[in-house]
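Undergrad: I'll drop the sequence and a predicted model, then ask my questions.
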Amino acid sequence: MDTYIENRTTIRPSHANNLDTTHGGNVLKWMDEIGATSAIRFAESDVLTTRMEQTNFGGPIPVGESGVIESDVSKLGDTTMCVQVRTVREGLRTAEAERTTESRRVYVAIDESFESRSVPELAVPSDRGKAFREAARESNENDDHEN
């Protein structure tokens, strides 16, 4: 669970589109930042985004509610990390939650010269981490766009 990151943002009018819901570009930016934070924590180095494999928008986040971004490293290559990132709409007063956006991001670990570097082995010691990774695997298996 060392790679699990969660961040909340209260949606303000400056985040919104003309429908008073969060602009998709803001959601993508927040997802990339939180996904990168998971990758940085895991790799213990800087990272660069190399790919956003798929992003599914399932619903809006209205102004006045929270956007909760969750991310966790789900699998690895020699120098890359696949990070599952999810956005949840959460009511400020009720804590009612609904998943709105999902994405898989790939980050590459880099050194001071911006050259790729290897990443450590991935271990999942906690029950919460195992459940989180299993949900990511199921999401990948149910993805119609997988090759």
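TA: All right, it came through fine.

Undergrad: Now residue 13: phi and psi?
TA: Phi and psi for residue 13, reported as degrees, to the nearest 10, are phi -60, psi -30.

Undergrad: Skipping adjacent residues, who's closest to it in space?
TA: In space, and not counting its chain neighbours, residue 13 is closest to residue 63: 5.7 Å by C-beta to C-beta, 6 or more residues apart in numbering. For every residue, glycine as well, the C-beta is placed using N, CA and C.

Undergrad: neighbours of that neighbour, just the number please.
TA: Other residues near residue 63 come to 17 when the count uses other C-beta atoms under 10 Å.

Undergrad: And it, how far from residue 16?
TA: From residue 63 across to residue 16, the span is 5 Å (C-beta to C-beta, to the nearest Å).

Undergrad: re earlier: I'd guessed the residue nearest to residue 13 sits against residue 18; true?
TA: No: using C-beta atoms under 8 Å, residue 63 makes no contact with residue 18, being 11.6 Å away.

Undergrad: Helices of the chain, residue ranges please.
TA: For the chain, applying DSSP state H gives helices covering 24-43, 127-141.

Undergrad: looking at those, which has the lowest confidence?
TA: Of all the helices of the chain, mean pLDDT reaches its minimum on helix 127-141 (a mean of 57).
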